[in-house]
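Peer 1: Below are the sequence and a predicted model; questions follow.
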Amino acid sequence: MPPTHQVTNQPPPLVDHDVYAGDLALVEAVRRHGAETAALRDLGRLAGTAEAQRWGAEANASPPVLRTHDRYGRRLDEVDFHPSWHRLLSEAVGHGLAGAPWAAGPADPAAHVARAAGFLVWSQVESGHGCPVSMTYSVVPALRAAPDLAAAYEPGLTAPAYDPGLRQPAAKAGLLAGMGMTEKQGGSDVRANTTRAVDAGDGTWRLTGHKWFCSAPMCDLFLVLAQATAADGRGGPTCFLVPRVLPGGERNPFRLQRLKDKLGNRSNASSEVEFEDTVGWPVGSEGRGIPTILEMVRMTRLDCVLGSAALQRAALAQAVHHATHRSAFGGPLRDKPLMAAVLADLALESEAATALAIRLAAAVDAGETDLGRLATAVGKFWVCKRAPVAVGEALECLGGNGYVEESGLPRLYREAPLNSIWEGSGNVIALDVLRALTREPAAVAAVLAEAESAAGADSRLDTAAKRLRAELGDTGGSAGLEALARQVATLMALVLQGSLLVRHAPAAVADAFCASRLGDGGPGPVFGALPSRVDTAALVDRAAPTR
């Protein structure tokens, strides 16, 4: 009698592969900027191991637990995490993915590109722990608005050392930072915030109020927006540095009311926080808190782009791996024209996202603030919007296997919408783009120069760039185009991506992108509807996760 449980035609696990070296689009972008390091190569190998994959699964299967009080009724306001969460963070911080690039100096002119590539690689293992990593990276430029505070805390924020636990910041080997902006009555409308701050007269202020979303509450320091009320009449939204533990070792009032029960990102603790006479130090001028904290937001938006590019790449790698090893209808799925078209289209989306994300990081290294200000918002809008659709299509490539938790695709799918919401949902970002178009001509000029740097190389790109210039000219000074803000942001993103691919990607990639994204109507309504002349096999071969 034949056995009833023979396992055949099932792909092997995608383990012990090099997440960095196996991603040709990323490798080429990194080397283009001279940013490849031994640490990045090591991280790529670690990210593909079964052990690292287990850390990611365990951190999400065992979500954080809030402990508000000890057994005697004393306030604790602490969150317990699975040991795998700490392993993930230890590797991330130790490999310089948090604040380390800000301490690199001129000796390392590509520090932010190297860090961005590492963040893209390591986020494929697990997304949730990237939240405190990203906020720590992003807080440094904002904190520099208060030089004395930066001098005190920047060494800990830039140290490649993960040192968990609530203790006096000066006594720790490394620090993590968070942010408190969102309130229940305001959301993205932070000017409606009601948390108030009163000048204590000793250089500190006292904050009272409630924050609706405060992620990673076990961080050491937080930038918090509050309405300042000073004795001399000064006031308005102001940014404050709020530590969990005060310099003398006393716990700062930081009441964790509950943890959010989220769709995804379950390894990361997102909390509601009450401030009651909580000590804070002003960062920047009173009433200028929104511009100050937006320095932090711009950098976290860069990480939204990187995180979404990572999700797309992780899902694509699984889809190509599955189709390579799974046979149906007489041959490997990868060789079937329709499946090849879907995989090739996903590969185009992933490579374009990666190219734009790394270019945005290079703008940080180069001090291209005008380009970064607008292009980061555009990238945040488009790449984060595309991630849920791309991940969903990749999941479908695995059929029913992709819908099963063990495949890892459901976790990627639940994560995919987050970056489009965090640090400004799609409409908020599109409006931000529109404001930049009307108020920041230097940023517009920088984006147009970047988009048109490939002029003459592809007629479809040239046509799209001319259309973009015309639309930006119409938008300037016209406040009535709010309803078109998404269309403008989309076109700008596609032209930027097309320009990068035409200049730097293989001809097959650039031609397929321009044909499918910059023609009439823009991207197709579904993945896989590529022009018939596209060399799908070349695109899939390039995207394969193993060599």
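Peer 2: Structure's in. What do you need? Numbers count the residues shown, from 1 in each chain.
Peer 1: quick check, Met276 in a strand?
Peer 2: Not Met; residue 276 is Glu. Yes. Glu276: assigned to a strand according to DSSP: H, G, I helix; E, B strand; the rest coil.
Peer 1: distance of it from Cys304?
Peer 2: 32 Å (C-beta to C-beta, to the nearest Å). All C-beta spots, glycine's among them, are computed from the backbone N, C-alpha and C.
Peer 1: neighbour count winner among the two?
Peer 2: Cys304 (28 against 12; other C-beta atoms under 10 Å).
Peer 1: Without its sequence neighbours, what residue ends up closest to that one?
Peer 2: Nearest residue to Cys304 in three dimensions, chain neighbours excluded: Asn419, at 4.0 Å (C-beta to C-beta, 6 or more residues apart in numbering).
Peer 1: Near that neighbour, how many other residues are there?
Peer 2: 28.
Peer 1: Check what pLDDT it gets.
Peer 2: Note on Asn419: pLDDT of 98.
Peer 1: In contact with it: list those residues for me.
Peer 2: By C-beta atoms under 8 Å, 6 or more residues apart in numbering, the residues touching Asn419 are Cys304, Val305, Gly307, Ser308, Leu311, Lys380, Cys384, Ala387.
Peer 1: now do 6 Å
Peer 2: Going by C-beta atoms under 6 Å, 6 or more residues apart in numbering, Asn419 touches Cys304, Gly307, Ser308, Cys384.
Peer 1: Quick check, the last one in contact with Gly307.
Peer 2: The one in question is Cys384. No. Look at Cys384 against Gly307 with C-beta atoms under 6 Å: they stay out of range, at 8.2 Å.
Peer 1: who's in contact with the lowest-mean-pLDDT helix or strand in the chain?
Peer 2: Ranking every helix and strand in the chain by mean pLDDT, DSSP states H and E puts helix 459-475 at the bottom, with a mean of 89. For helix 459-475, the external contacting residues (C-beta under 6 Å, 6+ apart) are Leu437, Val444, Ala451, Glu452, Leu481, Val488, Leu491, Val495, Gly498, Val502, Cys514, Leu518.
Peer 1: Which of those residues sits closest to Val65?
Peer 2: Of all the contacts of helix 459-475, Val65 sits closest to Val488, with 44.6 Å by C-beta to C-beta.
Peer 1: quick one: low-confidence parts of the stretch 101-250 of the chain?
Peer 2: For the stretch 101-250 of the chain, residues meeting the criterion pLDDT under 70 lie at 231-233.
Peer 1: mind listing the strands for it?
Peer 2: Under the criterion DSSP state E, counting those that start in this stretch, strands of the stretch 101-250 of the chain are mapped to 177-180, 196-199, 205-215, 221-229, 235-243.
Peer 1: Distance to Gln124 and mean neighbour count for the ones you listed - can I get that in JSON lines?
Peer 2: Output for these, formatted as JSON lines (distance: least, C-beta to C-beta, whole Å; neighbours: other C-beta atoms under 10 Å):
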{"stretch": "strand 177-180", "distance to Gln124": "23", "mean neighbour count": "27"}
{"stretch": "strand 196-199", "distance to Gln124": "40", "mean neighbour count": "20"}
{"stretch": "strand 205-215", "distance to Gln124": "20", "mean neighbour count": "21"}
{"stretch": "strand 221-229", "distance to Gln124": "28", "mean neighbour count": "24"}
{"stretch": "strand 235-243", "distance to Gln124": "32", "mean neighbour count": "23"}
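Peer 1: Would you format the ones you listed as TSV with distance to Asp16 included?
Peer 2: Output for the strands of the stretch 101-250 of the chain, formatted as TSV (distance: least, C-beta to C-beta, whole Å):
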stretch	distance to Asp16
strand 177-180	34
strand 196-199	52
strand 205-215	32
strand 221-229	38
strand 235-243	42
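Peer 1: Which one of these lies nearest to Pro63?
Peer 2: strand 205-215 (13.2 Å).
Peer 1: Which strands and helices lie in contact with the closest one?
Peer 2: Packed against strand 205-215 by the contact rule (3 or more C-beta pairs under 6 Å, 6 or more residues apart in numbering; DSSP states H and E) you find strand 196-199, strand 270-283.
Peer 1: So for whatever helix or strand comes next after the last one, what gets flagged as buried?
Peer 2: Per DSSP states H and E, the first helix or strand lying C-terminal to strand 270-283 is helix 289-325. By neighbour count on 16 or more other C-beta atoms under 10 Å, the buried set for helix 289-325 is 289-290, 292-324.
Peer 1: Just the pLDDT for the spatially most central residue of the chain.
Peer 2: The chain has Cys304 as the residue nearest its centroid, 2.2 Å off, counting by C-alpha atoms, centre = their mean. We have a pLDDT of 98 for Cys304.
Peer 1: wait, what's in contact with it?
Peer 2: Contacts of Cys304 by C-beta under 6 Å, 6+ apart are Lys380, Cys384, Asn419, Glu423.
Peer 1: What residues sit buried inside the least confident helix or strand of the chain?
Peer 2: Arg460, Leu461, Asp462, Ala464, Ala465, Leu468, Glu471, Leu472, Thr475.
Peer 1: would you list every one of the helices in the stretch 301-450 of the chain?
Peer 2: 337-366, 369-397, 409-415, 418-421, 426-439, 441-451 (DSSP state H, counting those that start in this stretch).
Peer 1: what angle do the longest one and helix 289-325 make?
Peer 2: Angle between the axes of helix 337-366 and helix 289-325 is 150 degrees (criterion: axes from the mean of the first three to the mean of the last three C-alpha atoms, to 10 degrees).
Peer 1: what is the mean pLDDT for helix 337-366?
Peer 2: Mean predicted confidence for helix 337-366 is 98.
Peer 1: Could you pull out the buried residues of stretch 504-517?
Peer 2: Buried-residue list, stretch 504-517, by 16+ other C-beta under 10 Å: 504-506, 508-517.
Peer 1: hmm, I was thinking of stretch 246-256
Peer 2: Neighbour-count burial for stretch 246-256 [16+ other C-beta under 10 Å]: Asn252, Pro253, Phe254, Leu256.
Peer 1: what does stretch 94-109 give?
Peer 2: Buried residues in stretch 94-109 (16+ other C-beta under 10 Å): Gly94, His95, Gly96, Leu97, Ala98, Gly99, Ala100, Pro101, Trp102, Ala103, Ala104, Asp108.
Peer 1: Next, format those as JSON lines and append distance to Ser62.
Peer 2: Shown next, in JSON lines, are the buried residues of stretch 94-109 (distance: C-beta to C-beta, whole Å):
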{"residue": "Gly94", "distance to Ser62": "22"}
{"residue": "His95", "distance to Ser62": "24"}
{"residue": "Gly96", "distance to Ser62": "27"}
{"residue": "Leu97", "distance to Ser62": "23"}
{"residue": "Ala98", "distance to Ser62": "23"}
{"residue": "Gly99", "distance to Ser62": "27"}
{"residue": "Ala100", "distance to Ser62": "28"}
{"residue": "Pro101", "distance to Ser62": "31"}
{"residue": "Trp102", "distance to Ser62": "33"}
{"residue": "Ala103", "distance to Ser62": "34"}
{"residue": "Ala104", "distance to Ser62": "35"}
{"residue": "Asp108", "distance to Ser62": "37"}
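Peer 1: Sort out for me which of those are in helices.
Peer 2: Among these, DSSP state H puts Gly94 in helices.
Peer 1: can I see the domain layout of this structure?
Peer 2: The chain breaks down into these domains under automatic domain parsing: 24-169, 172-288, 292-543.
Peer 1: need the helices of the stretch 301-450 of the chain in JSON lines with distance to Gly201, can you?
Peer 2: Shown next, in JSON lines, are the helices of the stretch 301-450 of the chain (distance: least, C-beta to C-beta, whole Å):
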{"stretch": "helix 337-366", "distance to Gly201": "38"}
{"stretch": "helix 369-397", "distance to Gly201": "36"}
{"stretch": "helix 409-415", "distance to Gly201": "46"}
{"stretch": "helix 418-421", "distance to Gly201": "40"}
{"stretch": "helix 426-439", "distance to Gly201": "37"}
{"stretch": "helix 441-451", "distance to Gly201": "40"}
